[in-house]
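Asker: here are the coordinates; sequence isn't available:
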């Protein structure tokens, strides 16, 4: 019923607009085309300036409205750099935006048709053109400079003592892995994957000793340490996903067959963020940022940033995947050997005993 | 084609069809309905075919966006009428996730390729190249006709895919494998994806036939005196567009063919290490790289956005100069910047891939090249602004859209500087910031350019005017609405809100924007309704619009306005006019405008 009503209103609205439009055309014929044109031109010229003023006010107002809902403080050191970059870029592009929009609509208004005005024959001016080639080039060089400076800092090698975590995407959840006591990720092969009872969600190769102490956790149970750099290796079991960490300002695709990495240092624990944001539901969410299928929109993981001691406590409670599996199926035989499909597991040690914190 | 000197008394040019010269090229050989309206080889009719097909596509593509905006704005509500229209795809009045993604995918594909490439280039390249260059038709009218009919077949294929039981392709308009390669991973990657690939292949053929034709026409069929530097900027823009298309579309096709192989022939170009959870099976494929597809795709995909925006730039330059009644500022700089954009368009594709694990050094090279594009873009904007400066501006509907184009291009172009910088892209990649950016800079801008073109050349196409009042309403509501829809999306993106989600209510980080999403949905529906008003105006005016009575209603200098009001096949009755000057002699020597056909006066200085 409501739909029919809506459609009726729509059609009715169309009819009215159409009638007005037709009437206007007749009126303009009666008034004489020139007079009608001049009148329309004045109205549109006036609208130009109205649009400019309301538009700029609107931009300001929109900014005020959403100020509290965006960004917040970056929760990682890299996030800070990205925010700095963002403000530098905003400053430069913001000035250009306001200046050019004002010129555009002001010129439109100011130089609208008048019988008296003689337009100015001004086909080119090389000096002007050189100026506005060079000036943007200078500003862009500045932006490229800052951008690459931060880019190389962010994508550079992680510190040696970084905590090692692996995050693997699958349709439609995340799986975390810690290398265990030996600080070496065990080898894995996708043909070994066995989702029954979470026996071997990552396809670890049990013949590899390094696999046997690897701890595999659900994507909503990934723990990181405040103030300690974390080096995340990212993988996918099926299609391309993307580990999106809005609060840390980090993001990296999860590509099947090709491990990717990112690293950063969390600045605040989850509890601190709950307080800082005033949001008791706050969580460091992992959002999948690469279209991955039907439930892409609900592919969520959660990162818990805790203090070092809390982390040690949590880690102590974790059982390795190998032990879990053996407990599950009581004397399970090791899976058939298979070719290693992972890149060399990184040797950089993730140390939970580190005292650097 | 005769290029003999012909000095037209410009103001007394014959406007009727009565006078026939016995030249072999002059029209009015016997035409049936089929040869005139269906398998026409007249570039003007082919232009109209592209335009009207494009309009139908635009309505379809935009109504898809209304459907998924409904879901985004009201994720908790049900709309029973949706089930009536869409059946199982909207069970219980709620759009199903599979279908949501199908809608998003189709919306992107349709608007990027079928409307803003086929509909925009197809329309204006066909219409303006022969008319503004002084040619009787395209270099090969037959290939030109084929170009449209391949486009038509591509359209039919794409539309049919909407009716497949597993649904149309739903992996996003970029169709990244493995998602697009595996039917087990996504419903839409079954038959729907094959239809999508076949349709795109047909589209590429259409685009190549068209593009080669445009290039050869521009290079070979210019009338006497029409040197390259006397061509209107529209033609320059369409020329570079065609070059971009010819060089980049084949790469897309190759990427799609490999995808087809991976789908059906067991190859592993893009596939490796894949385990399908639903059936608990590991696929046999090893050694492929899904990133390869992204390189091939974006090698077209990025030039593609310039294929969309360059024609709009050309149309806007022309419309702006005519209606500001003064020459376009810096003609050579405009041509140069189009050229620079064309070259750079091929060198920036990997900026779509900063977070795919791309080597950071390689990324840095692409940052530099990407931000370089801002320089020619800035030149163009400043030149447009200077064109307006001290003009005598007539706000025809076309001019309004041209001004709106520049405003949108500035807004969307500047956010490109954000996204092109890899450090910022880490945070903003695949968020609503990107959605806002490309909708403003290539969606809305290109549409504004297209509208400017349609309003400006409609009198030449149909011999009638569009209704002005409806045009003004159309412009102002579209301009305001477009900003209201896309401006706030930047803020959502800054908060990291990912695109391609159909419901944010379960996310503590993104659910603060529920009210905003509702607002955007409402505005989107209003703006959509106003586009229907334009469509109505378009079709109504074909039959009932005010008739054009003067040969050159806008007082323009270019050649298309020297043809009869309703030109027949062959365009000019008698000889083709000769050109003596550049196309932007407005306000020169105290004269309002000097047509290109007028010889340079004895004491006149060339610009």
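Answerer: Cool, got the structure. This is a predicted model, so every value here is computed, not measured.
Asker: Who is residue A:251 paired with across the strands?
Answerer: Beta-bridge pairing for residue A:251 (DSSP bridges): residue A:244.
Asker: Provide a list of residues in contact with it.
Answerer: A:242, A:243, A:244, A:245, A:262, A:289, B:355, B:426, B:427, B:429, B:430 (Cβ atoms under 8 Å, 6 or more residues apart in numbering or on different chains). All C-beta spots, glycine's among them, are computed from the backbone N, C-alpha and C.
Asker: Chain B versus residue A:16, what's the distance?
Answerer: According to Cβ to the nearest Cβ, to the nearest Å, residue A:16 stands 11 Å off from chain B.
Asker: can you tell me the helix or strand for that residue?
Answerer: Taking DSSP states H and E as the definition, residue A:16 sits inside helix A:2-31.
Asker: buried set for that helix?
Answerer: Buried positions in helix A:2-31, judged by neighbour count with 16 or more other Cβ atoms under 10 Å in any protein chain shown: A:17, A:18, A:21, A:24, A:25, A:28.
Asker: So which elements touch that helix?
Answerer: In terms of contacts (3 or more Cβ pairs under 8 Å, 6 or more residues apart in numbering or on different chains; DSSP states H and E), helix A:2-31 is packed against helix A:33-66, helix B:468-494, helix B:514-544.
Asker: Who are the packing partners of the first one?
Answerer: Contacts defined by 3+ Cβ pairs under 8 Å, 6+ apart place helix A:33-66 against helix A:2-31, helix A:77-110, helix B:468-494.
Asker: Distance to residue B:294 and mean pLDDT added to these, as JSON lines?
Answerer: JSON lines is the format used below for those (distance: least, Cβ to Cβ, whole Å; pLDDT from 0 to 100):
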{"stretch": "helix A:2-31", "distance to residue B:294": "42", "mean pLDDT": "85"}
{"stretch": "helix A:77-110", "distance to residue B:294": "23", "mean pLDDT": "95"}
{"stretch": "helix B:468-494", "distance to residue B:294": "21", "mean pLDDT": "95"}
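Asker: As JSON lines, those helices with distance to residue A:203 would be great.
Answerer: Formatted as JSON lines, those follow (distance: least, Cβ to Cβ, whole Å):
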{"stretch": "helix A:2-31", "distance to residue A:203": "51"}
{"stretch": "helix A:77-110", "distance to residue A:203": "31"}
{"stretch": "helix B:468-494", "distance to residue A:203": "36"}
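Asker: How are the strands of the stretch 201-350 of chain A distributed by residue range?
Answerer: For the stretch 201-350 of chain A, the strands defined by DSSP state E, counting those that start in this stretch cover A:215-218, A:222-225, A:230-236, A:241-245, A:250-254, A:260-264, A:284-288, A:300-306.
Asker: Which one, of these, ends up nearest to residue B:524?
Answerer: Taking Cβ to Cβ as the measure, those were each checked against residue B:524, and strand A:284-288 came out nearest at 23.7 Å.
Asker: That closest one vs strand A:300-306, what angle?
Answerer: Angle of strand A:284-288 versus strand A:300-306, following axes from the mean of the first three to the mean of the last three Cα atoms, to 10 degrees, is 150 degrees.
Asker: any idea which of the contacts of residue A:251 is closest to residue A:281?
Answerer: Ranked by distance to residue A:281 (Cβ to Cβ), the contacts of residue A:251 are led by residue A:245 at 17.3 Å.
Asker: The closest one and residue A:76, how far apart?
Answerer: Relative to residue A:76, residue A:245 is positioned 8 Å away (Cβ to Cβ, to the nearest Å).
Asker: what about those two, which has more around it?
Answerer: Taking other Cβ atoms under 10 Å in any protein chain shown, residue A:245 and residue A:76 do not tie; residue A:245 has more neighbours (29 against 25).
Asker: So which of the strands of the stretch 201-350 of chain A is the most surrounded?
Answerer: Highest mean neighbour count of the strands of the stretch 201-350 of chain A: strand A:241-245, a mean of 29 (counted as mean count of other Cβ atoms under 10 Å in any protein chain shown).
Asker: Residues touching it, excluding its own?
Answerer: Counting by Cβ under 8 Å, 6+ apart, strand A:241-245 makes contact with A:76, A:167, A:169-170, A:174, A:232, A:234, A:250-254, A:262, A:284, A:286-290, A:292, A:299, A:301, A:303, B:355, B:430, B:496, B:498, all of which sit outside it.
Asker: rerun that using 6 Å as the cut-off
Answerer: The contact list for strand A:241-245, computed with Cβ atoms under 6 Å, 6 or more residues apart in numbering or on different chains, reads A:167, A:169, A:234, A:251-254, A:286-290, A:292.
Asker: cool, stretch B:34-50 as well?
Answerer: Looking at what lies outside stretch B:34-50 - Cβ under 6 Å, 6+ apart - the contacts are B:122, B:123, B:126, B:127, B:130, B:137, B:138, B:141, B:144, B:145, B:148, B:569.
Asker: who in the stretch 101-250 of chain A is up against chain B?
Answerer: Residues of the stretch 101-250 of chain A lying close to chain B (Cβ under 6 Å from any Cβ of the partner chain) are A:103-104, A:107-108, A:111-113, A:117, A:119-121, A:123-124, A:129, A:132-133, A:136-137, A:140, A:144, A:147-148, A:150-151, A:155, A:170, A:190-191, A:193, A:237-240, A:246, A:249.
Asker: What subset of these is buried?
Answerer: Buried residues within these, counting neighbours by 16+ other Cβ under 10 Å: A:103-104, A:107-108, A:111-113, A:119, A:121, A:123-124, A:129, A:132-133, A:136, A:140, A:144, A:147-148, A:150-151, A:155, A:170, A:190-191, A:193, A:237-240, A:246, A:249.
Asker: Show me those that map onto helices.
Answerer: Residues of these located in helices (DSSP state H): A:103-104, A:107-108, A:129, A:132-133, A:136, A:140, A:144, A:147-148, A:150-151, A:155.
Asker: and those, which two are the farthest apart?
Answerer: Farthest pair in these, by Cβ to Cβ: A:108 and A:155, 44.3 Å.
Asker: Need the nearest residue in space to residue B:198, chain neighbours excluded.
Answerer: For residue B:198, ignoring the flanking residues on the chain, the nearest one in space by Cβ to Cβ, 6 or more residues apart in numbering or on different chains is residue B:157 at 5.5 Å.
Asker: The helix or strand hosting that neighbour - contacts with which helices or strands?
Answerer: If you go by DSSP H and E, residue B:157 is part of helix B:141-160. The contact analysis (3 or more Cβ pairs under 6 Å, 6 or more residues apart in numbering or on different chains; DSSP states H and E) places helix B:141-160 against helix B:43-73, helix B:191-220.
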